[in-house]
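Peer 1: Show me the folded form of this:
(chains A, B, C and D)
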4 protein chains.
Amino acid sequence: MLFAAADFAADGLDVCAFGFDINTERYGNVKRERTLESTLAGADVVALPLPYSRDGERILAPFSEKAIMVGDILNLLEEKSLLLGGKMPADFPRKAIDYYAREDFAILNAVPTAEGAIKLALEETKLTVRGMKAAVLGFGRVGKILAKTLVSLGADVTVFARSAEARAWAKVFYCDAKKFCALKEEIGAFDCIFNTVPHKILFADALERAKRGAVIIELASAPGGADAGEAARAGVRFVSAQSLPGKITPKSAGKIIYETFKEIMEEL
Amino acid sequence: MLFAAADFAADGLDVCAFGFDINTERYGNVKRERTLESTLAGADVVALPLPYSRDGERILAPFSEKAIMVGDILNLLEEKSLLLGGKMPADFPRKAIDYYAREDFAILNAVPTAEGAIKLALEETKLTVRGMKAAVLGFGRVGKILAKTLVSLGADVTVFARSAEARAWAKVFYCDAKKFCALKEEIGAFDCIFNTVPHKILFADALERAKRGAVIIELASAPGGADAGEAARAGVRFVSAQSLPGKITPKSAGKIIYETFKEIMEEL
Amino acid sequence: MLFAAADFAADGLDVCAFGFDINTERYGNVKRERTLESTLAGADVVALPLPYSRDGERILAPFSEKAIMVGDILNLLEEKSLLLGGKMPADFPRKAIDYYAREDFAILNAVPTAEGAIKLALEETKLTVRGMKAAVLGFGRVGKILAKTLVSLGADVTVFARSAEARAWAKVFYCDAKKFCALKEEIGAFDCIFNTVPHKILFADALERAKRGAVIIELASAPGGADAGEAARAGVRFVSAQSLPGKITPKSAGKIIYETFKEIMEEL
Amino acid sequence: MLFAAADFAADGLDVCAFGFDINTERYGNVKRERTLESTLAGADVVALPLPYSRDGERILAPFSEKAIMVGDILNLLEEKSLLLGGKMPADFPRKAIDYYAREDFAILNAVPTAEGAIKLALEETKLTVRGMKAAVLGFGRVGKILAKTLVSLGADVTVFARSAEARAWAKVFYCDAKKFCALKEEIGAFDCIFNTVPHKILFADALERAKRGAVIIELASAPGGADAGEAARAGVRFVSAQSLPGKITPKSAGKIIYETFKEIMEEL
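Peer 2: The predicted structure follows:
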C-alpha cells in the first residue's frame, strides 16, 4: 500500500498515509498523518488494504502500533470520499469498491505470483527452470501466466485442465495438455507440480507415484489441490505459496494497486 | 480436409475421401472413393468441409469435378453416422456437430492465423518483425496469440482494447495497452496495424495520421475495422487477410481439424 | 542502399544518390543527382553497394539506366572522401572500408536472414512454426539467431554442430544438440532442415531417409550443405535462399547498413 | 559432485564416492567407499571437485570428516585412471583434464548463473522481472544468457559492452546496447544492474547517479565491476553473487558436470 501511495504522490497527488508506524521503507512524498481524523478529512479517495480486515472490526494494519477500527473509519469518512478496499463484504455498511474483485487486478497480480512461484521452485527443486519437467494444474489466470513464463525459461511444461478450451489455450502457449484423469499416470515425470486448482485434485494414489524429490508448489487458496500430510507421507515436498505478490515483490504489487486505482478513477 | 484425413488414416482408421479429383497432394493411406454412395456406406463419422456449403445446396468442394449436393448426402447418410461440418445452420435437417463453433477449434486456429499474418506483415512492410512498431486492435483469441508471437519475435507491440480486463492481459503479455480512443493520437507510431475487430474502428481521420508506408493487415471478417477505400485515400496499404490457416499452412490446418475431431469423438 | 540513404537524410545529413533511375521507392530527403561528378564532388563519405561490383569494372547498380564504371569513381573521388563498399577486394586501388567484412554487420543481418528463412519455411512446408520439427545445421551467427527465433515460435529444434562449444550454446538456447554424424540417423524426424554450413554435409544416403515432404532451406553460400539434384532425387524439396535481407525486408536491411555506417564513422 | 555421481550411476556405471560423510542428500546407486584406497582401486575415471583444492594440498571436501590429501591421491591413483578436476594447475604432477577450463562447461553453467542472478534480483529489488529496467554490464557467456533470460521474462534490458560486435549481438537479443562510456549518463534509469565484467567499471561518480533503491548484482570474480564500499556510500545495494550454480541449483550443476564428463569421455 505504501509503494502505491508513493507512486500516486510521485504523480503530484496529495497523499496521506496512516498506520505505517514501524518497520516500513521510506515514504517518498507521502505525508505521514498522526490521527485518523486528519487522514480522512477532505479525502477524495480513501484506500483500505487487501484484505481490508480479517475480522470485520479492525483494519488489517500490521505496521500500525495501535488498532485501527473499521467503525472509526465509518464514522469519520466524509460523504464525498470514494472508498476502495480489498475483499469488501457485500453487506458493508457504506458504498465501497472492492478492487480485489476486479478481473484486471487479478490478471496483473498473476505476474508477481508466477515469478514468485518460479523463485520457490528454483529453491525447492534445486534445479534450473531450463530443462525442468513442470506440471501446471489448472489454466486460469495464474495457470496461464505461469505456464507461459515457465516455457519462456525453457521448462518442459504439461498443463492439466478440465475443458477442451483450456487445453487448446495450453497448446497454443507451447505446452503439452492433458485431462486431469491423466494425472495419476503422468505424475512420475515431473520435477515440480504447480497447483492452481482450489479443490483437491492430487489424491494419495497419485502422490505415491510422484518422482523422488518432486516438489508441489500450492498456489491455490484453501483447501487447495493436495493435502500437505498426504504429500509428506508420499515423500513429496509440499510448499504452501499464497499471497506471493506482497511477500516477494511488494514494490511491483504496489505498482499494480496503483494502476488498478487509476483505472477505477478513470472509469468513474 | 485431406491432410486431416491422412492423419486419421495414419492412426489406423479406415478413411475414405470423396470429391478430391483435381490438383490435390497425395492421399497417404486415405482411400479414394468413386461414388458418394460407397463413401457414405457404413461410415461411423462423416466430415464436411468448412464451411460445409456456401449456398446450402452444394457442398463446398473446389477440387471436385462434379457438384456434390447437400440433398444427396442427406438421402444417403446412414442413421448411425455422426455428421460433422463447419458453419452448420441451426435448422439443418439432420443432427450435425458444427466444429467451427467450438472454442478449442477457434483457439488452435489462432496460431496459423497469427503466423500467416506475420508472414504478410514481413512482405508488405519490408521490415523485420524485430524492431517493428506494431499495433494490435482487439484482444480476443487472434489478438492474444498474435501479440504474444510478435513480442516473442522482438516487435514493439501496443494493444488497443476496450475492456480493462483485456488491457490487463495485454500488459501481462509484455505489450503496451491503450483504449481505442487513443488510436487517433497514437497511430502515427506504427509500421503495421493488425486489426481483429469485426466492426469499423479505424476511421478516416485516424488513417490520415498514419505513418507513411504503414500497412493494415485486416484479419477480422467483414465489415472489418477499416475501409479499404479510405485507407487507400490516406496512402495506407490495406491487406485483406481472411482464412489464413487454410491458405498458408494447410497441413497445420488439417492437423487442427484432426485434433478437434478426436476431441469431439472422445467427448461423445 | 536507398533506405539507408533516407535514414541518414532524416538525421539531417546532406545525402545525394546516383544510379537509382527506375523502379525505386520514394527518396525522402535524399537528393537525386544527375551526374557522377556532382554526386562525388565534396563528399565526406561515399558508399558503394553490396557487393560493390560483380566484375570489378561496373558498380552493381540494377536500377541505373547506364553503367556506372568503377574506374570513373576512382578518377572522380576526392582525396578527403571516405570510401565504404561491400566485398571490396584487398587489392582495390584506393583505401576503402569493406563493411561486409565487419562482424557487427554480419550479426545484425542474421535477423532478417532468420525471419526470411522462417517465411520460406512456412510457405514450403505448409506447416506452422509452432510444432514444426526443425533441424538447424551449423551454429554460427545465422544458426544461432535462427534457432533462437524458431524456439521462440514454438518449434521443436535440433541443432547439429561439430564443436562441443557450439552444442553447449544450442542447449542453452533451449534446443536439442547433436553431432553431424547423427544426421543420417535423425533426419527422418524433421519437417524442415535449415542449412547454414557452406560445404556439403547432407549426403545422398541421409537425404534418402528424410521425411516425405521434408524441405531443405539452403542458407549457406555455394557449394552449400546439400546438392539440389540429390535432394530432388530423394523427393526432398530444396529451396535456395541467399541474400534474404535485401530480398524480403529491404527496409530493415537499409536500417542495418545505416547503423553499421554510423558505427564506422564513430570509430574513426 | 554427488548429483553428477548419481546421474552416472543411473546410467549403469559403477560409481564410488568418497568424502561425503555429513549433511548430504541421498546417494541413489552410488556406492559409498570407506577408504581412499578402495575408492581409487581400478578406477577408469577419477573426478575431483571444482576447484579441486584451495591450497594445493587438501582436496576441497567440505562434507568429509577428515582431510583428503592431494598427495595421497597422487600416490594411490593407478596409471590407467583418467583424472578430471576443476581449476587444475598447469604444473600439476600428473596428467589431468581441467573441466573448468572447457568452453562448453562454462556455457552450460551460464544458465544456472543467470537464473540464480534473477532470483537474487527479485529478492533484492522487490520488483518483478516483468517491467524491470535492467542493465547488463559485459556480454560474454553470462551476459548473453542473462540478457536473453531477462528479455524473455519481460524486462527492459540495456547491455553495456565495449565492442561493436558485442553490441550487435545484444541488439539481436532484443536488448538496447550502449558503450561503457554511456554508463554514467544512463545509470539513473535502472532498477537492477548486473555486472559480469571482472574489473572496475562502475566508478563512484556513476554510482552517485544511480536510482534510489537500485541494486547491483555482482556476478564477476574479484575485483569485479564495482566497489562494495563505494556502492554503500552512494546508497546502492550491492549483492555479491559468485558460484551461483552450486549454491542455488546444485542438482542442475551436477547435471552439467555429468554432461561435460560424458563429452570429455566421448572425445577421448
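
Peer 1: What residue in the stretch 1-150 of chain A comes nearest to chain C?
Peer 2: Residue of the stretch 1-150 of chain A nearest chain C, by CB to the nearest CB: A:Arg130 (6.8 Å). Backbone N, C-alpha and C define where each C-beta goes, glycine included.

Peer 1: Next, that residue: phi, psi?
Peer 2: phi -60, psi 120 (degrees, to the nearest 10).

Peer 1: Name the residues of the stretch 1-150 of chain A found near chain D, please.
Peer 2: A:111-112, A:115-116, A:119, A:122-123, A:125-131, A:149 (CB under 8 Å from any CB of the partner chain).

Peer 1: ok, the closest residue to A:Lys87 other than its chain neighbours - contacts?
Peer 2: Spatial nearest neighbour of A:Lys87, excluding adjacent residues (CB to CB, 6 or more residues apart in numbering or on different chains): A:Pro51 at 3.9 Å. A:Pro51 makes contacts with A:Leu60, A:Gly86, A:Lys87, A:Tyr100, as judged by CB atoms under 8 Å, 6 or more residues apart in numbering or on different chains.

Peer 1: With A:Asp104 instead?
Peer 2: A:Thr260, A:Glu263, B:Ala164, B:Glu165, B:Arg167, B:Ala168.

Peer 1: what do you get for A:Ala17?
Peer 2: By CB under 8 Å, 6+ apart, the residues touching A:Ala17 are A:Met1, A:Leu2, A:Ala5, A:Tyr27, A:Val30, A:Lys31, A:Arg32, A:Glu33, A:Thr39.

Peer 1: One more pass at 7 Å, please.
Peer 2: Taking CB atoms under 7 Å, 6 or more residues apart in numbering or on different chains, we find A:Ala17 in contact with A:Leu2, A:Ala5, A:Tyr27, A:Val30, A:Arg32, A:Glu33.

Peer 1: Can you give me the distance of it to A:Ala43?
Peer 2: The gap separating A:Ala17 from A:Ala43 is 12 Å, by CB to CB, to the nearest Å.

Peer 1: what about the closest residue in space to A:Arg212 that isn't next to it in sequence, which helix or strand?
Peer 2: Leaving aside its chain neighbours, A:Arg212 sits nearest to A:Gly235 (6.7 Å; criterion: CB to CB, 6+ apart). Using DSSP states H and E, A:Gly235 is not contained in any helix or strand.

Peer 1: Report how many residues lie close to A:Gly235.
Peer 2: 13 (other CB atoms under 10 Å in any protein chain shown).

Peer 1: and the closest residue to A:Gly42 other than its chain neighbours, what pLDDT?
Peer 2: Of all residues not flanking A:Gly42 in the chain, A:Glu78 sits nearest, at 6.9 Å (CB to CB, 6+ apart). We note a pLDDT of 96 for A:Glu78 in this prediction.

Peer 1: which residues touch A:Glu78?
Peer 2: Contacts of A:Glu78 (CB under 7 Å, 6+ apart): A:Leu40, A:Gly42, A:Ala43.

Peer 1: So how do I select the buried members of those residues in ChimeraX?
Peer 2: The ChimeraX command for the buried members of the contacts of A:Glu78 (criterion: 16 or more other CB atoms under 10 Å in any protein chain shown) is given here:
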select /A:40,43
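
Peer 1: and the residue nearest to A:Leu48 when sequence neighbours are not counted, bridged to which residues?
Peer 2: Among residues not flanking A:Leu48 along the chain, A:Gly85 sits closest, at 3.6 Å (CB to CB, 6+ apart). Applying DSSP bridges to A:Gly85 gives these bridge partners: A:Asp98.

Peer 1: so what pLDDT did A:Gly85 get?
Peer 2: Reported pLDDT for A:Gly85: 97.

Peer 1: my guess is it contacts A:Val46, does it?
Peer 2: No. Using CB atoms under 7 Å, A:Gly85 is not in contact with A:Val46; the gap is 8.6 Å.

Peer 1: So which of these two has more stuff around it?
Peer 2: A:Gly85 (25 against 19).

Peer 1: list the buried ones in the lengthiest helix in chain A?
Peer 2: Under DSSP state H, the helix in chain A containing the largest number of residues is helix A:103-125. Within helix A:103-125, the residues that count as buried by 16+ other CB under 10 Å are A:104-122, A:124-125.

Peer 1: before we move on, what about stretch A:179-188?
Peer 2: Buried, per 16+ other CB under 10 Å, within stretch A:179-188: A:Phe180, A:Leu183, A:Ile187.

Peer 1: how distant is it from the center of its chain?
Peer 2: Averaging C-alpha positions (CA atoms, centre = their mean, to the nearest Å) puts stretch A:179-188 27 Å from its chain's average.

Peer 1: what's the span of that stretch from first residue to last?
Peer 2: Terminal residues of stretch A:179-188 are spaced 16 Å apart (CA to CA, to the nearest Å).

Peer 1: Stretch A:156-172 too?
Peer 2: 14 Å.

Peer 1: phi, psi of the nearest residue to A:Ser38 once chain neighbours are set aside?
Peer 2: Nearest residue to A:Ser38 in three dimensions, chain neighbours excluded: A:Cys16, at 7.6 Å (CB to CB, 6+ apart). Dihedral pair for A:Cys16: phi -120, psi 140, per degrees, to the nearest 10.

Peer 1: Enumerate every residue touching A:Cys16.
Peer 2: Counting by CB under 7 Å, 6+ apart, A:Cys16 has contacts A:Lys31, A:Glu33, A:Thr39.

Peer 1: Dump those residues to a markdown table, plus distance to chain C and pLDDT.
Peer 2: As requested, these are exported to a markdown table (distance: CB to the nearest CB, whole Å; pLDDT from 0 to 100):
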| residue | distance to chain C | pLDDT |
| --- | --- | --- |
| A:Lys31 | 47 | 90 |
| A:Glu33 | 50 | 87 |
| A:Thr39 | 49 | 95 |
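
Peer 1: and A:Gly28, how far is that from A:Cys192?
Peer 2: For A:Gly28, the distance to A:Cys192 - CB to CB - is 38 Å.

Peer 1: just A:Lys133 next, same as before
Peer 2: Counting by CB to CB - A:Lys133 and A:Cys192 are separated by 8 Å.

Peer 1: repeat for A:Glu37
Peer 2: A:Glu37 is 51 Å from A:Cys192, by CB to CB.

Peer 1: Please identify which of the two sits among more neighbours.
Peer 2: Taking other CB under 10 Å, A:Glu37 and A:Cys192 do not tie; A:Cys192 has more neighbours (27 against 12).

Peer 1: picking that back up, could you say which of the contacts of A:Asp104 is surrounded by the most neighbours?
Peer 2: B:Ala168 (28 neighbours).

Peer 1: thinking again about what came up before, could you point out which of the residues of the stretch 1-150 of chain A next to chain D is nearest to A:Arg94?
Peer 2: For the residues of the stretch 1-150 of chain A next to chain D, the residue nearest A:Arg94 by CB to CB is A:Pro112; the value is 29.9 Å.

Peer 1: what number of residues lie near the nearest residue to the closest one once chain neighbours are set aside?
Peer 2: The shortest distance from A:Pro112 to any non-neighbouring residue, by CB to CB, 6+ apart, is to A:Pro245 (3.7 Å). When neighbours are counted by other CB under 10 Å, A:Pro245 registers 23.

Peer 1: Residues of chain A that sit close to chain C?
Peer 2: A:Arg130, A:Gly154, A:Tyr174 (CB under 7 Å from any CB of the partner chain).

Peer 1: out of the residues you listed, who's nearest chain D?
Peer 2: For the residues of chain A next to chain C, the nearest to chain D is A:Arg130 (5.0 Å; CB to the nearest CB).

Peer 1: ok, the closest one touching A:Val151?
Peer 2: No. In this structure A:Arg130 lies outside contact range of A:Val151 using CB under 7 Å: 10.9 Å.
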